[in-house]
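> Give me a 3D structure for the following:
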Amino acid sequence: MARNGIAKGINSGHITTARELAPKPSSRKGALGKRVSLCREIAREVAGLAPYERRILDMIKTGGSSADKRVYKFAKRRLGSHKRALAKREDIKAVNAKQRARQAGV
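Purely as a prediction, here's the structure:
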């Protein structure tokens, strides 16, 4: 909002020009870096899936009409929050897609 030079009312105060500020370091909090993503990828490759993740993968593979909902409910019970459950479901779906692509390629 531009100031209008009047002491009272909306946009009151001395007329100034807004400076372009550099983004704060906190604005990139939680963004996935190259190093961390590589480490996680290697860890997943070496260690494989946790038992509950294998069970989720099996639920996805067997499918059915309400597989997504069942997977979500199971993941939510194990992980404790809505957001984590949705993220885990998408993660395991990606693992399933990668496995299927590997089988199709061979």
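> Quick test: name the residue nearest the centre of this protein.
Ala87 (5.8 Å; CA atoms, centre = their mean).
> Can you read off the pLDDT for Ser81?
pLDDT for Ser81: 96.
> top helix in the chain by residue count?
Under DSSP state H, the helix in the chain containing the largest number of residues is helix 82-105.
> And for that helix, what's in contact with it?
49, 53, 56-57, 60-61, 68, 71-72, 75-76, 79 (CB atoms under 8 Å, 6 or more residues apart in numbering). Placement of C-beta: from N, CA and C, glycine included.
> Which among those residues count as buried?
Among these, those that count as buried by neighbour count (16 or more other CB atoms under 10 Å) are 53, 56-57, 60, 71-72, 75-76, 79.
> Now render these as a markdown table, adding secondary structure and distance to Ile6.
Output for the buried ones among the contacts of helix 82-105, formatted as a markdown table (DSSP: H, G, I helix; E, B strand; the rest coil; distance: CB to CB, whole Å):
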| residue | secondary structure | distance to Ile6 |
| --- | --- | --- |
| Glu53 | helix | 63 |
| Ile56 | helix | 62 |
| Leu57 | helix | 65 |
| Ile60 | helix | 63 |
| Val71 | helix | 60 |
| Tyr72 | helix | 56 |
| Ala75 | helix | 57 |
| Lys76 | helix | 55 |
| Leu79 | helix | 55 |
